[in-house]
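Trainee: quick one, fold the following:
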Amino acid sequence: MIKRIKQALYFPIASYFRFFAQIKLARWNPKIIAITGSSGKTTLLHLIESQLGEKAKYSHHANSSYGIPFDILGLKRKKLTPDEWIGLFLLAPFKAFKSVPNEKLYIVEADCDRPGEGKFLASLLNPEITLWISSSLTHSVNFDSLVNNKHFASAEEAIANEFGYFLEYTKNLVIANGDSELIQKQLERASVPVKFVTEKDLRSYKINENSTEFIIEHKKYSINFLVPKDVYYSIQMTNQLMKTLNLPFDPTFKNLILPPGRNIVFQGIKNTTIIDSTYNATPDGVRNILEMFDNYPSENKWIVLGDMIELGIREKKEHEKLATFINSMNLAKVILIGPRVSKHTYPKILKQVQGDKRIITEKFIMPKDGLDYILKNINGGETILFKGARFLEGIIERLLQDKKDANKLVRRELVWENRRKAWGL
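Mentor: Numbers count the residues shown, from 1 in each chain. Just a heads-up that it's a prediction; the model follows:
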């Protein structure tokens, strides 16, 4: 009942903040560059920021029908508690007439978590340039009704259609992932030129202990973070954008900073290496990170994998697919935490064992039980990747060598801290 009420009120309440955000945007009048897609948006935004620096304003931590109007108005949710909303409602009209940013470029990340959100955000932003990085299953449970009602053949098509509204509202140029069939099918909706980025120019991809190297058209691109192979598209889109803006491009990305939960490397207890990829978990995103980890230079690799949530009718199938990929990897141990991976991924891992190959696999429903198992079984020197839902950042916090590094983890707000405590973390 409460969920249905929230769904019914989502856009009416968001429209209140959008109204005042439109006033602020009209007064500010920046050139807007929108970054959209199912995954990879935040990394692309930060790659662009490493190039543009103070020439632009960026929608950090904001990509929704609430987050973007809040970012435009300068409203912030600090504790994520219900009592904050009263202040937000009261402040919005005043914020609309406050001084506008000095920057004339606004780089904004825009998601489409539900039907209607693409049109809602695209019509608010009317971007000069749109960069569409990907389209795949994400929050697909919200699109199941469209499939059930025969509006679309699949959730993937429904999601791509929602992102496609950015094509309709873009004023000058679209830069798109040319290898995505889902994106290709939407391009007829664009009334502006479309430039494509494809994988044909990628010559080499290499993961080091704390960095990643790409060879693209015989040129070397270095990133001082661990990133999956598909970041190639983000690098090329950044390059294309800089050419469009007639600005220089730095292939070393020396100013790049990635936010928490995006493959950040930490020193753990007992000389372990922890790779924190806990920000989110979509099917394509998880597989991309597992592929990256498979190439990571370490002899004793563990993965701690949580659930992929909000997949709706695709939940069983997508969790089973993970088992096939995991069994192809060179791993010492797999620790599954959550009801979905325990129910769907675990039995498939055991069933798909090939020959004498057997990855030690354990499953737990609660993260505290997974933490206890890890603490008892690490010997030292392991490299452990964390990916998925179920408050895995709470497990990482207990494994950090330097406890101050906890400030660099995801979900530091009070509401998340209280929820982790309730789960024994």
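Trainee: contact partners for Lys206?
Mentor: 212-214, 295 (C-beta atoms under 8 Å, 6 or more residues apart in numbering). No exception for glycine: its C-beta is placed from N, CA and C like everyone else's.
Trainee: farthest-apart pair in those residues, please.
Mentor: Distance extremes for the contacts of Lys206: the farthest pair is Phe214 and Asn295 at 12.7 Å, using C-beta to C-beta.
Trainee: with secondary structure added, can I get the contacts of Lys206 in CSV?
Mentor: Converted to CSV, those look like this (DSSP: H, G, I helix; E, B strand; the rest coil):
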residue, secondary structure
Thr212, strand
Glu213, strand
Phe214, strand
Asn295, coil
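Trainee: just the buried residues of stretch 61-71, please?
Mentor: Neighbour counts using 16 or more other C-beta atoms under 10 Å place 62-71 of stretch 61-71 among the buried residues.
Trainee: and if you look at stretch 328-345?
Mentor: Those buried within stretch 328-345 under the rule 16+ other C-beta under 10 Å are 331, 333-338, 340-345.
Trainee: how long is that stretch from one end to the other?
Mentor: With C-alpha to C-alpha, to the nearest Å applied, stretch 328-345 spans 14 Å between its terminal residues.
Trainee: check stretch 171-186 too.
Mentor: Its first and final residues considered, stretch 171-186 spans 16 Å by C-alpha to C-alpha.
Trainee: name the residues of it that are buried.
Mentor: 173-178, 180, 182-184, 186.
Trainee: can you tell me the element Phe249 falls in?
Mentor: For Phe249, there is no host helix or strand (DSSP states H and E).
Trainee: quick check, it in contact with Met242.
Mentor: Yes: counting by C-beta atoms under 8 Å, Phe249 touches Met242, with 4.2 Å between them.
Trainee: what sits in contact with each of those two?
Mentor: Taking C-beta under 8 Å, 6+ apart as the criterion, Phe249 and Met242 both touch Gln51.
Trainee: which strands or helices does the helix or strand of the chain with the lowest mean pLDDT pack on?
Mentor: The weakest-scoring helix or strand in the chain, judged by mean pLDDT, DSSP states H and E, is helix 144-148 (a mean of 86). Packing partners of helix 144-148 (3 or more C-beta pairs under 8 Å, 6 or more residues apart in numbering; DSSP states H and E): helix 155-163.
Trainee: for the helix it packs on, C-alpha coordinates in PDB please.
Mentor: Once non-C-alpha atoms are left out, helix 155-163 reads as follows in PDB (Å, rounded to 0.1, in the frame of the first residue of the first chain):
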ATOM      1  CA  ALA A 155      11.900  -4.800 -20.500                       C
ATOM      2  CA  GLU A 156      15.100  -4.000 -22.400                       C
ATOM      3  CA  GLU A 157      13.100  -2.300 -25.200                       C
ATOM      4  CA  ALA A 158      10.900  -0.400 -22.700                       C
ATOM      5  CA  ILE A 159      14.000   0.900 -20.900                       C
ATOM      6  CA  ALA A 160      15.700   1.900 -24.200                       C
ATOM      7  CA  ASN A 161      12.500   3.700 -25.300                       C
ATOM      8  CA  GLU A 162      12.600   5.800 -22.100                       C
ATOM      9  CA  PHE A 163      16.200   6.800 -22.600                       C
END
